[in-house]
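>>> Next come a sequence and a model predicted from it.
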Amino acid sequence: MLVKVYGSSVFGVEATTITVEVNVASGIGYHLVGLPDNAVKESSYRITAALQNNQYKLPGKKIIINMAPADLRKEGSAYDLTFAMGILTASGQIQAEQLSEYLIMGELSLDGSLQPIKGALPIAIQAKKEGFKGFILPAQNANEAAIVAGLDVYGMSNLTEVISFFAGEKSDPVQVDTREIFREESAVFEFDFSEVKGQESIKRCMEIAAAGGHNVILIGPPGAGKTMLAKRLPSILPPMTLQEALETTKIHSVAGKIRDQRGLISQRPFRSPHHTVSDVALVGGGAYPQPGEISLAHNGVLFLDELPEFKRSVLEVMRQPLEDREVTISRAKFNVTYPSSFMLVASMNPSPGGYFQEPGAMVTSTAAEMQRYLGKISGPLLDRIDIHIEVTPVPFEKLSDAPKGESSSVIRNRVMAARDIQFHRFAEFSGIHYNAQMGSRQLEKYCKLEEQAKNLLKQAMEKLNLSARAYDRILKVSRTIADLSAAENIQSSHIAEAIQYRSLDREGWLG
C-alpha cells in the first residue's frame, strides 16, 4: 500500500515542503531514498524501538520510503514522526484518512516521546502558504509555530497522542496571542540605565547611538563600566515591530535557540560572543550552513568585548555584512543568505596595559606596543564605526552618593521620537530607515550646514587632524543629535558634540 505524508526541510530561513512516499509491499528490506543524510538514515532504529514500545511493529515486509524532491539534501532527525505515521498507515496498523491534510514533523525517542525540532516557525509559515489544514509537531515547539495565524497547530508529547488524533480523538489547537506577548514583554528588561551611577556623558552617547542606529566603540580601562553600558543598550532601542519580531524568531528557530515557551521573540536580541569565536561561528556557515552570531543579532545588538583580542580574520569578515546588512554563505552547489542588520557595540582597553597613557597611570605602554595593539583593528572596520567614546572610571563620590539616573523608558521615549523623524524623512528611500544608513545622496540633501557650523567643522578637522573618513561620520552623528533636539537644521552645537565622538581619529591619541 502506498501512502503520502508531508514534512519539511529548512534551507536558510525558508522552508520547502517534502513529500514522503511510503510503500509497503511483499518482500523484505527497508530502503530510504531521496538524498537523506546520516541522521535521517538512522531514523529506522528510532522508529523500530518507538513502535515496539507502543504496541506497534515495523512490518516484516519491503518498505520503500522516498523523500521528494529527490535532488534536495535532507538533514536532521525531525522526519522520524513523518516516517512512523506513514509506515503505520501504509501497513494497515492504523487508519488515518486525513493524513495528507497535515504537515507532520518530530524526532522520536525510543519510548515514543517527541523531542523538539529546529525551524518550526518557517515550516509553519510555508505550511500555511501551501494550504495545509494543520501542523503536528512536538509540544515544545507548539507556541513557536502557533505564531502563524490561520494554521491549526497541535503540540504532541508522544507517538500515541498523534495516533489518537488521527483516530478521531478531539484535540484543541494551540493559541498564541502575539499582541498580548508584545504588550507584556516589549517594555520589560533585565537591565536599566537607572542602575548606572555617573557616566552621564557616556549615557548621552549611547542615547545618540540608539537614536541614529550608529555603531559605537567604548574605550576605557577595566572596571570603567563598558560592558554594563552595552548590556543596557537594548532597553533604549525602539520596540520591535511584529515583522521584525517574526524575522528574528525565524532565525533563532532555524538555529534551535528558542527556549522560551512564549515562542515569539519580542525583545531585541543582545549577542556577546567570546573573543575566541571563529569566523564561521560569527558570520555563519558549516557543511550545512547555520546562522552565525551576526544573524542571531539581527534587529538587535552585537557586542564585541575587548575588540583587539579578536582574531583579525574574524573581524574582517564582518566588513561586508556591516555594509550590506545581510550575509551570503556560498558553497559549490548553493548559496544561503541570512539577514544581519544589527548595531555593533565594541569595547577595548586604551592600551595593552589596560589604562590611558597619562601621567600617574598604573601601567604605561610604549608607542610601539600601542601601535601594535591598535593595529589589530583595521582601518576599514574602524571606518564603519560612527562613534568612538572614552569611558573613564566613576569616582568614589558618585558611586556612593549619586542618586539614580534616568530610567531606560524615559531615554527610550526620546529615542523613539528621533526615530520617528527619521522614518518620515527617509520614507522615499528604500532600505534606509535611520541616519546611520545614509549615503552620499542623503548626506548632501539632509546634512546641509550653516556657515558657522561649517567653519567649526573645518577648524576641527585642521586642528585635531581628523581623517577624511571622519567627515561623513560627524555629519551623520550631528544629524542624529539635531533630531534628538527636534532641530530642523544642523547647528554648530550639534557639530561640536559630534566631533567629541571621534577619539580614535585624532592624531596623537596614542599618547
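Cool, the structure landed. Numbers count the residues shown, from 1 in each chain.

>>> Output the below-cut-off pLDDT ranges for the stretch 101-250 of the chain.
Scanning the stretch 101-250 of the chain for pLDDT under 70 picks out 186-187.

>>> can you give me the strands in it?
Counting by DSSP state E, counting those that start in this stretch, the stretch 101-250 of the chain has strands at residues 102-104, 107-108, 114-115, 134-138, 152-156, 216-219.

>>> buried stuff in stretch 185-199?
185, 189, 191-194, 196-199 (16 or more other Cβ atoms under 10 Å). Yep, even glycine has a C-beta here, placed from its N, CA and C like the rest.

>>> mind listing the strands in the stretch 251-400 of the chain by residue range?
Counting by DSSP E, counting those that start in this stretch, the stretch 251-400 of the chain has these strands, from start to end: 270-271, 284-285, 290-291, 301-304, 326-330, 335-339, 343-348, 387-390.

>>> quick check: mean pLDDT across the first one?
Confidence over strand 270-271, taken as the mean pLDDT, stands at 96.

>>> For it, enumerate the helices and strands it packs against.
Under the contact criterion of 3 or more Cβ pairs under 8 Å, 6 or more residues apart in numbering; DSSP states H and E, strand 270-271 touches strand 301-304.

>>> can you list the residues that contact the strand it packs on?
Outside strand 301-304, the residues within contact range by Cβ atoms under 8 Å, 6 or more residues apart in numbering are 227, 230-231, 233-234, 237, 268-273, 275, 293-294, 310, 342-347.

>>> Identify the neighbouring strands of it in the sheet and state each direction.
With DSSP bridges as the test, strand 301-304 is paired with strand 270-271 (parallel), strand 343-348 (parallel).

>>> Out of the buried residues of stretch 185-199, name the two that are farthest from one another.
Among the buried residues of stretch 185-199, the pair separated by the greatest distance (Cβ to Cβ) is Glu185 and Gly198, at 30.0 Å.

>>> So for Ile136, which of the strands of the stretch 251-400 of the chain sits nearest?
Proximity to Ile136 (Cβ to Cβ) singles out strand 290-291 among the strands of the stretch 251-400 of the chain, at 25.1 Å.

>>> that older thread, from the buried residues of stretch 185-199, which land in helices?
Among the buried residues of stretch 185-199, DSSP state H puts Glu185 in helices.

>>> between the buried residues of stretch 185-199, which is closest to Ala460?
Of all the buried residues of stretch 185-199, Gln199 has the smallest distance to Ala460: 24.4 Å, by Cβ to Cβ.

>>> for the closest residue in space to Phe426 that isn't next to it in sequence, helix, strand, or coil?
What sits nearest to Phe426 in space, not counting adjacent residues and going by Cβ to Cβ, 6 or more residues apart in numbering, is Ile432, at 4.4 Å. State at Ile432, reduced to three classes by DSSP: H, G, I helix; E, B strand; the rest coil: coil.

>>> any idea how far Ile432 lies from Met438?
Distance of Ile432 to Met438, computed by Cβ to Cβ, to the nearest Å: 7 Å.

>>> Between the two, which is the more surrounded one?
Counted by other Cβ atoms under 10 Å, Ile432 and Met438 do not tie: Met438 has more neighbours, with 23 against 17.

>>> and the longest strand for this structure?
With secondary structure taken from DSSP state E, the chain has its longest strand at strand 14-25.

>>> Buried ones in that one, by neighbour count?
Quick answer for strand 14-25 (16+ other Cβ under 10 Å): 14-15, 17-18, 20-24.

>>> what's next to stretch 425-432, contact-wise?
Contact with stretch 425-432 is made by 433-434, 437-439, 442, 446, as judged by Cβ under 8 Å, 6+ apart.

>>> One more pass at 10 Å, please.
For stretch 425-432, contacts defined as Cβ atoms under 10 Å, 6 or more residues apart in numbering pick out 325, 341, 422, 433-435, 437-439, 441-442, 445-446, 479, 483.

>>> Quick one: buried ones out of those residues?
With burial judged by 16+ other Cβ under 10 Å, the buried subset of these is 341, 422, 433-435, 437-438, 442, 446, 479, 483.
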